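**Q** Sequence and computational prediction follow.
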Amino acid sequence: MKVKVRTVKVELKSIKRSIVLIFAISLIFQIISTTKVYAYIIEDMREVPYYQYNYDVYQHEIPSAAGYYPEKTVRGEYIGSGSFKNPTDLYVDNNNTIYIMDSGNKRVVVCDKDFKLKKIIDKFFDSNGTIQLTEPDGIFVDKGGLIYICDKGSKLVWIFNQDGKLIRTIEKPVSDLKAAKKDFIPFKVVVDNAGIIYVLSLGSFEGAYMFDQNGNFLGFYGSNKVVVTWQLLIDRFWKSILTKEQKSSMVRYLPTECTSIDIAKDGFIYTCSNYTDVSEGEVRKLNYLGENILWYKKQGRTRDYGDISKYQGKELEDSYFIDIDVTDDGFINVLDYERGRIFQYDQNANLLFICGGKGDQVGTFKDPVAIDSIANDLVVLDKLKGTITVFKETKLGSLVHKATLLYNEGKYDDARHLWEQVHKMDFNFSLAHVGLGKALLRMDKYSDAMYYFRLANDKDGYSEAKEVLRNEFLKRNFGVIATTVIAIIVLLYVLIKRFRKPPTAQDIYTKKIDKYKYPLHVMLHPFRGFEELKEERKGSVIIATFIVFIFFVTMVINRQYTGFIFNPYRQDKINILSIFSSTIGIFFFWVLSNWMVSTLTEGEGKFGEIWVFSAYSLTPYIICTLLAVVMSQFMIAEEAMFINFVRLVGTLWLVICIFNAIKSVHQYTASKTIGTIALSVLGVGIILFIIVLMLTLFGQLIDFINNVYSEILLRM
């Protein structure tokens, strides 16, 4: 017996030692793996002399890891060509040879990708002798090695060979087109694979001039469209009724001119523009018809390129894109002159990285004028500094580029491991979330896919995964669900039959309705119900106030608990005061406004009656909104019409109830009711305007008092 006890104790000690050993080994492995992750992240962290940020899925600015870091700044002395003087453009050809338009020195500096000097072309000539460049600006080199130089001073496009010998010129076209009669001041030029020459001219709103290989004018290509705004529509209305003289004094709406042009490896033309009023379509990819096919739309919003409205809490003017470049892999880089930023997008217009800035340090600029790429590295020309800044990919940048290419090719499984690494390095990188969601969706891991789609705010992907999960759930549990629904219906029927009190003959004759049932009664019988409510005076202020409170709670529920697919709001941020103001506050102002209007239009309703009648009118809207919230938990994006239909029914039902409520409470005719409602809505607008005005004046008064107080303290 003693031997057995001792054996048991020995076995317990062995088990304890094994557990401790296993725990220690697992802890060591965890520390090693964590160390690897942190080491991997630290290895990729590069110090940059500017604020490194990006935008999240809600278009809010967030700090981010760097996709590029400024490796070096190159001057003319480093290349061996002497100092640059006001360089205006650079171009990298298919052999990674760099051509720098050194405008101030009237020369072209040619070097390899490592910035070793190949040659300097500073003498240009033809059969008649030397050619002097006047104000050279843009430069392009075609696949045959011909050099195209836009000369704004001479108003020509010079075409030279590699020795500087003139081949031919492109000059102002002779055409019957009105647009072609404008002054021809070329500043950017590209040539496609077919030899068609595209030239941008200052002040041209019709797009690029097109010329064939012999310089014959073919027409215009890729003009921007006038963006339709409310102001434009209003002006069009006035122009339709004004005289010719009055029209001539009004503002003319013209397309915005392109600021740069580039041609990709696949032959597509890309342009960038500077929109000052509407941030939309500044970056375009054009097909052979000159139509933009770079399409991005998410949550009903088109892509706002560049910085988005605010930067570090400060209001911004729109980004001013001065140059565009497309890498061999199709990544789009646009240079913002306003703040010296480089914005990189993929072929689906998803923002990848932001780098650069204004300043004197490496990686910042004073007067950025041109951008190009060598593989996925970027080179940016600064006119004022006379330098070229080279931006190299970080490890994160390289991973994102490789994963993006695989993702855009539909190879989600191959991209998954890369996206996982990106996710570890930058948790907020939304494209990684989408990539992981797509890969997990293909692996039939629908719940995990929904998690990543939600992080990326990708409602389409989330809906796709949710549909599969819902269908599988219904297949497994259809019998249980059907049985439960039938049981509930039978139970409700029995309970109603059991506890429902049969109406007496007197109740049927008098049609008496309990005051607690009147909100539902007027909802179901809006035309007769409000008249009965007025006659029997069974409206309750307490019940009405409770309904208004439920209206507020319903809007909170609608804001927070509408299904992700159909919810346009951020559920992690809510402003209760704002919802309170837009529900109970607006309702109070409606009642107040209607009461004031009715006193002038001989209405019979008192303030309390208007409150009660209007509150009872909210009942169908509350019910339909709650029903839509419940439906949104189970439905997918393709079934949105059903939810929208329920919400529309609730809104129309509310309008009908409000109309009959105001008509009954004041004993108006139909036409007078419509007029009163319109005046009441106008009154609400006036009340809100007065409140905003008073708050603004009060704020100015507080600022004035603070300034006076500060001034007194300074003089004491």
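**A** Thanks, I have it.
**Q** which residues sit against the strand or helix carrying residue 621?
**A** In the assignment (DSSP states H and E), residue 621 maps to helix 619-632. The contact list for helix 619-632 (Cβ atoms under 8 Å, 6 or more residues apart in numbering) reads 519-520, 522-523, 547, 550-551, 554-555, 557-558, 561-563, 565-567, 642-643, 646-647, 649-651, 653-654, 657. C-beta here means a position set from N, CA and C on the backbone, and glycine is covered the same way.
**Q** Next: stretch 173-185.
**A** For stretch 173-185, the surrounding residues in contact (Cβ under 8 Å, 6+ apart) are 152, 155, 171-172, 201-206, 209, 211, 217, 219-220.
**Q** quick one: which of those is most hemmed in?
**A** The most crowded member of those, judged by other Cβ atoms under 10 Å, is residue 209 (26 neighbours).
**Q** Tell me who's in contact with it.
**A** Applying Cβ under 8 Å, 6+ apart, we find residue 209 in contact with 173, 180, 184, 186, 198, 199, 200, 201, 217, 220, 221.
**Q** And for residue 378?
**A** Contacts of residue 378 (Cβ under 8 Å, 6+ apart): 68, 325, 333, 342, 355, 371, 372, 390, 391.
**Q** burial count for the second one?
**A** One way to gauge burial is a neighbour count; for residue 325, by other Cβ under 10 Å, it gives 26.
**Q** just how off-centre is the helix or strand where it lies within its chain?
**A** Using DSSP H and E, residue 325 sits within strand 321-326. A distance of 20 Å separates the centroid of the chain from that of strand 321-326, by Cα atoms, centre = their mean, to the nearest Å.
**Q** before we move on, what about stretch 534-550?
**A** Centroid separation between stretch 534-550 and its chain, computed with Cα atoms, centre = their mean, is 44 Å.
**Q** Endpoint to endpoint, that stretch covers what distance?
**A** This stretch, stretch 534-550, spans 23 Å end to end (Cα to Cα, to the nearest Å).
**Q** I'd like the average pLDDT over that stretch.
**A** In this model, stretch 534-550 has a mean pLDDT of 90.
**Q** same deal with stretch 189-204?
**A** Stretch 189-204 carries an average pLDDT of 92.
**Q** List the buried residues of that stretch.
**A** Buried positions in stretch 189-204, judged by neighbour count with 16 or more other Cβ atoms under 10 Å: 189, 190, 191, 192, 196, 197, 198, 199, 200, 201, 204.
**Q** end-to-end on it?
**A** Across stretch 189-204, first to last residue, Cα to Cα, it's 14 Å.
**Q** Run through who's touching that stretch.
**A** With contacts defined as Cβ under 8 Å, 6+ apart, stretch 189-204 is touched by 138-140, 142-143, 148, 150, 152, 157, 170, 179, 182-188, 208-213, 215, 218, 220-221, 257-263, 267, 269.
**Q** picking up where we left off before, next secondary structure after the helix holding residue 621?
**A** Next along the chain after helix 619-632, taking DSSP H and E as the criterion, comes helix 640-666.
**Q** between that following helix and helix 619-632, how many degrees?
**A** Angle of helix 640-666 versus helix 619-632, following axes from the mean of the first three to the mean of the last three Cα atoms, to 10 degrees, is 170 degrees.
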